[in-house]
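Enquirer: Sequence first, then the predicted structure, then my questions.
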Amino acid sequence: MSPLHIVSAPVKEPPALHDRAMDNLKYIRETMERATAFTNISGGGQVAIGVTALAASAIAARQNVFKNWLAVWCAEALVALLLAGWSMDRKARAAKMPLLSGPGRKVAFSLSPPILAGALLTVALYRAGLVNAIPGLWLLLYGTGVITGGMFSISIVPLMGICFMALGAVALMAPPEFANWFMAAGFGGLHIIFGFVIARRYGG
């Protein structure tokens, strides 16, 4: 009679402690990013802002007095602000998320100082007669605000801010007769391009 041989089932080795720790860290990091990122920026709203900016650039180009040109773009800034607020509120309601959550407040507080600085500098430059610097200043400071606010939002937003800053830097050095073209390219073109990307990748 042959001796009995007990065959044990192969035991799977547990995953290495290092691999499990890395997986856990990755999950925690992704969860924290979703919790701390402001995702209520509306791509459709950005496109709408870009379209109204292109319309404003067409109207502004027909103005023979800088004061009227400035008034057109100030009116556009107000329209853009209303569109941005309405579209973000709409997206937040659809996602059942508070608009002014922790990340939302951080975005607002980060964006506000450069915008306020731009408004004050506009008044100062207008009084000093240095109006040729205003379009480049607007693009540059708006881009700065988008970058600082975008640090608490989705990753594509700071990239949009960098593009605005680059365009503003060129506008500051360019002949003044191209100012309206730079405004159209920035507040019109960049908003439309990045708005489509945001809508496609992040919805809304």
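Expert: Looks like it came in fine.

Enquirer: Quick check, pLDDT for the residue most central in space within the chain.
Expert: Relative to the mean C-alpha position of the chain, the nearest C-alpha, by C-alpha atoms, centre = their mean, is the one of Val157, at 3.4 Å. Looking at Val157, its pLDDT stands at 85.

Enquirer: OK, contacts around it?
Expert: Applying C-beta atoms under 8 Å, 6 or more residues apart in numbering, we find Val157 in contact with Ile41, Val146, Gly149, Gly150. C-beta here means a position set from N, CA and C on the backbone, and glycine is covered the same way.

Enquirer: cool, and Gly149?
Expert: Contacts for Gly149 (C-beta under 8 Å, 6+ apart) come out as Lys106, Val107, Ala108, Ser110, Leu111, Val157, Gly161.

Enquirer: quick one: which of those is most hemmed in?
Expert: Per-residue neighbour counts (other C-beta atoms under 10 Å) across the contacts of Gly149 peak at Val107, which has 26 neighbours.

Enquirer: Tell me where this structure has strands.
Expert: With DSSP state E, there are no strands along the chain.

Enquirer: how about low-confidence regions in it?
Expert: In the predicted model of the chain, residues 1-40, 91-92, 94-105, 107, 152-153, 203-204 satisfy pLDDT under 70.

Enquirer: just the helices in it please.
Expert: Residue ranges of the helices in the chain, as given by DSSP state H, are 17-36, 43-60, 66-94, 102-128, 134-150, 156-173, 179-183, 191-202.
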